[in-house]
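**Q** Sequence and predicted structure, then a few things I'm wondering about:
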Amino acid sequence: MALLPGGTFLMGTDDAEGFPGDGEGPVRTVRLRPFLIDVCAVTNDAFARFVADTGHVTEAERFGWSYVFAGFLPATLRRGAARPPRTPWWCGVAGAAWNRPEGPGSTLAGRGDHPVVHVSWNDAAAYAAWAGKRLPTEAEWEYAARGGLEQKRYPWGDELDQDGTYRCNIWRGTFPSKNTAADGFRGTAPVDAFAPNGHGLYNTSGNVWEWCADWWTTDHLQGPLLDPVGPATGTAKVIRGGSHLCHRSYCNRYRVAARTANTPDSTSGHAGFRCARSI
Ligand SMILES: [Cu+2]
């Protein structure tokens, strides 16, 4: 984990490239006490240790299915899969789960150091409790992801491929038909792929969405705030960072201030988490 000193930072963005309806702004002043945060997302190997130790059954396993990106599925599984009308590249696949990421017949071989996916917020919270940690608040997540830079678009600066170097695992090419994998990866990447940010954190932009502790709202309290935790109740939890499926043309949410949400029992092949700890 990285020990972050806390302090004051500017949370959110008024970036013209952003999505005002997502509540990315207005920019507000937030102060955080020092805390620890995982430098990487939780890996498949680490989640396997948790499952072996506790017998935890994930929500995708209990519900019997999870969402898999259509392009990663063999035609036999793609055919007949339920697809949300507005996002038809997602297939509801029976038997897809953290240890069978593309459904029956798929394995984690070669992906032990990739982020665990098909885990709900509830699964992530259970893992964090087992590890003696907790999920980061959204404010902690953003402060950590910004890597000490102020109001930059990405964790490394304002330019996506700064100095011609790929810094994150997102969709390259034309979404959703053609991913050139120019950044090296079509699906998930090892959690420590690419250069870390200024706080030593890897892959806060792209690779997998990351669950935060907070309930979702777009109606933010104005600063200065001390250790904000979001609304007391809600129906969806904040996710941050974007994933290997994000592309500027459709979902430009690998920007460091971008945000969206999902219900706490939702699972898919592009959402994972990292943990934090109070000190
Ligand atoms: Cu996206």
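**A** That came through, no problem. Numbering: from 1, shown residues only.

**Q** so what does the helix or strand hosting T76 touch, helix or strand wise?
**A** In this structure, T76 sits in helix 75-78 according to DSSP states H and E. Here helix 75-78 is seen to pack against strand 90-94 when contacts are counted using 3 or more CB pairs under 8 Å, 6 or more residues apart in numbering; DSSP states H and E. C-beta here means a position set from N, CA and C on the backbone, and glycine is covered the same way.

**Q** Buried residues of the strand it packs on, list them for me.
**A** Buried residues in strand 90-94, counted by 16 or more other CB atoms under 10 Å: 90-93.

**Q** Run through who's touching stretch 10-22.
**A** 23-30, 139, 142-143, 150-151, 153, 218, 220, 223, 252-253, 255, 257-260 (CB atoms under 8 Å, 6 or more residues apart in numbering).

**Q** out of these, which are buried?
**A** Among the contacts of stretch 10-22, those classed as buried by neighbour count (16+ other CB under 10 Å) are 23-25, 27-28, 30, 139, 142-143, 151, 153, 220, 223, 252-253, 255, 257-260.

**Q** quick one on the thing from earlier: what's the average pLDDT for the helix holding T76?
**A** The pLDDT scores in helix 75-78 average 92.

**Q** Out of the buried residues of strand 90-94, flag the one nearest to A182.
**A** W90 (23.3 Å; CB to CB).

**Q** show me what contacts the closest one?
**A** Going by CB under 8 Å, 6+ apart, the list of residues near W90 reads 67-70, 83-84, 268.

**Q** if we go to 7 Å?
**A** By CB atoms under 7 Å, 6 or more residues apart in numbering, the contact list for W90 reads 67, 69, 83-84, 268.

**Q** my guess is N169 contacts V191, does it?
**A** No. Counting by CB atoms under 7 Å, N169 does not reach V191; the two are 10.4 Å apart.

**Q** Give me the common contacts of those two.
**A** What both N169 and V191 touch, as defined by CB under 7 Å, 6+ apart, is the set N203.

**Q** Between those two, which is the more surrounded one?
**A** N169 (28 against 24; other CB atoms under 10 Å).

**Q** out of the contacts of stretch 10-22, who's near the ion?
**A** Among the contacts of stretch 10-22, proximity to the ion is found for R253 (CB under 5 Å from the ion).

**Q** ranges for the strands of the protein?
**A** 2-4, 7-11, 28-32, 35-37, 65-69, 90-94, 173-174, 178-179, 209-215, 225-226, 237-240, 259-262, 271-272, 276-278 (DSSP state E).

**Q** Tell me which residue lies nearest the centroid of the protein.
**A** With distances taken as CA atoms, centre = their mean, the chain has W209 as the residue nearest its mean C-alpha position (1.6 Å).

**Q** What count of nearby residues applies to T217?
**A** 15.

**Q** From T218, how far off is the spatially closest residue to it that is not a sequence neighbour?
**A** Distance criterion CB to CB, 6 or more residues apart in numbering; nearest residue to T217, sequence neighbours excluded, is P231 at 4.9 Å. According to CB to CB, to the nearest Å, P231 and T218 sit 11 Å apart.
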